[in-house]
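Undergrad: The following block contains a protein sequence and its predicted model.
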Amino acid sequence: MGQVGSTGIYYTPPVPGGLLGQSAALAYARGARTPGEIVSQGGYFYIIQVIISLSIVAIIVLVTKPKSTFIPGPPEKERYTAV
């Protein structure tokens, strides 16, 4: 039987370069060996990490944002028309 590709979770230790370095390390851990493969898979992982990070920040902001209260202005005067 042939070996089935793994879709498990990969642990990569912290690497220099922020999200880009982490994406490249993850791509290498998943089997990318040439620079083209690392860039291709690393870019994909980078985009996914940015989307997940923005989603988490948005959820935190929405949960912690105090509910805004509407403060009405002065009441408008009614206009009367001559009959």
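TA: Received, thanks.

Undergrad: Now P74. Its backbone dihedrals?
TA: phi -60, psi 150 (degrees, to the nearest 10).

Undergrad: Just the buried positions in the helix of greatest length in the chain, please.
TA: When the chain is parsed with DSSP state H, its longest helix is helix 35-64. Buried residues in helix 35-64, counted by 16 or more other CB atoms under 10 Å: I38, Q41, G42, F45, Y46, Q49. All C-beta atoms are positioned from the backbone trio N, CA, C, and that covers glycine.

Undergrad: Let's have those in CSV, adding distance to P72 and pLDDT.
TA: Formatted as CSV, the buried residues of helix 35-64 follow (distance: CB to CB, whole Å; pLDDT from 0 to 100):
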residue, distance to P72, pLDDT
I38, 58, 82
Q41, 55, 84
G42, 53, 82
F45, 49, 82
Y46, 47, 85
Q49, 44, 84
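
Undergrad: before we move on, back to that, and the longest helix of the chain, what does it pack against?
TA: Packing partners of helix 35-64 (3 or more CB pairs under 8 Å, 6 or more residues apart in numbering; DSSP states H and E): helix 18-29.

Undergrad: Tell me which residues of the helix it packs on come out buried.
TA: Buried-residue list, helix 18-29, by 16+ other CB under 10 Å: Q22, S23, A24, A25, L26, A27, Y28.

Undergrad: quick one: low-confidence parts of the chain?
TA: For the chain, the stretches with pLDDT under 70 are 1-13, 66-70, 83.

Undergrad: cutoff 90 now
TA: Scanning the chain for pLDDT under 90 picks out 1-50, 60-83.

Undergrad: Quick check: the gap between V61 and A27.
TA: 30 Å (CB to CB, to the nearest Å).

Undergrad: Likewise for Q41?
TA: Taking CB to CB, one finds Q41 at 4 Å from A27.

Undergrad: Thanks a lot, see you next time.
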